[in-house]
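Chemist: how would this look folded up:
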Amino acid sequence: MRRCVRLFLLVTALLALPLSAHAEWKPVEQVEPYAISGRSGQELYRSIGEKGPLIRGARTRTIAYTNFKLTWSGRAYRPRGKDCVVASGKPKLVITYTLPRPSGPLPAAVQKSWDSFIAGVTEHEQVHGATMIRMVHDIEAAIDGLTIADDPGCTKARAEVVARLDAISKARVLASRDFDRVEFGQDGNLLKLAFALVTGP
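Modeler: Okay, the predicted model is just below:
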């Protein structure tokens with residue numbers, strides 16, 4: 001229970017973060033829908049199981065998926081005397097939400113049920129998007145202005161940057177997995193959403 005509360009507070013904090021806390025940049029967020037078919041909640045969910053995103057390493061398809069592409073411009077390693085100073089540069093973060101979309105019109109009752117389901121799924125995926133935004137801010141804070149002594153060739157600085165990026169990336173992946181575990185676990189929000197869709201009209 002305490003773990004669920006901690007995750008809820010973390011998610012709330014992430015969603016409340018300003019998009020440009022460190023530098024003047026904003027992420028690009030886009031939706032990439034995939035078509036599903038069906039005229040009932042059960043048929044729609046079955047179609048999701050057949051056509052949903054297949055994440056690398058997974059055996060089954062998932063309902064939705066959030067991915068990102070992160071590039072940097074202007075990152076620099078500047079010798080300063082015998083030291084090396086790192087400038088993080090400006091990030092470009094593109095977040096893509098892959099979400100299901102019925103290919104045709106639905107009966108009114110099914111449409112209402114679907115609207116509730118997809119709204120909850122979208123909110124879930126936006127939490128993953130928020131962790132990606134937080135990750136970029138963490139990278140900026142970790143490496144911008146980083147100074148490594150006795151490193152005029154910036155070799156040590158480059159290695160330190162790689163190590164810090166790796167640690168931040170792994171922390172994000174673990175946080176996302178913990179969030180999914182709670183959401184799909186007993187009494188989890190996504191489990192309830194799927195159950196309501198399948199047992200609805």
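Chemist: next, give phi and psi for the nearest residue to Ser103 once chain neighbours are set aside.
Modeler: Distance criterion CB to CB, 6 or more residues apart in numbering; nearest residue to Ser103, sequence neighbours excluded, is Ala35 at 4.3 Å. For glycine as for every other residue, the C-beta is placed from the backbone atoms N, C-alpha and C. Main-chain torsions, Ala35, degrees, to the nearest 10: phi -80, psi 140.
Chemist: what helix or strand does Phe86 sit in?
Modeler: Slight slip there: residue 86 is Val, not Phe. strand 83-87 (DSSP states H and E).
Chemist: continuing past that strand, what's the next helix or strand?
Modeler: Per DSSP H and E, strand 83-87 leads on to strand 90-102 as the next helix or strand towards the C-terminus.
Chemist: average pLDDT for that next one?
Modeler: Strand 90-102 comes out with an average pLDDT of 97.
Chemist: which residues of the protein score low on pLDDT?
Modeler: Under the criterion pLDDT under 70, the flagged ranges of the chain are 1-23, 57-58.
Chemist: show me which helix runs longest in it.
Modeler: Secondary structure of the chain per DSSP state H: the longest helix is helix 108-143.
Chemist: need the residue closest to the centroid of this structure.
Modeler: Nearest residue to the geometric centre of the chain (CA atoms, centre = their mean): His128, 2.8 Å.
Chemist: can you tell me the closest non-neighbouring residue to that residue?
Modeler: Leaving out its chain neighbours, the residue that sits closest to His128 by CB to CB, 6+ apart is Thr66, at 4.0 Å.
Chemist: residue furthest from the geometric center of the chain?
Modeler: Outermost in the chain, CA atoms, centre = their mean: Gly81 at 40.2 Å.
Chemist: dump the residue contacts of that one.
Modeler: By CB atoms under 8 Å, 6 or more residues apart in numbering, the residues touching Gly81 are Pro152.
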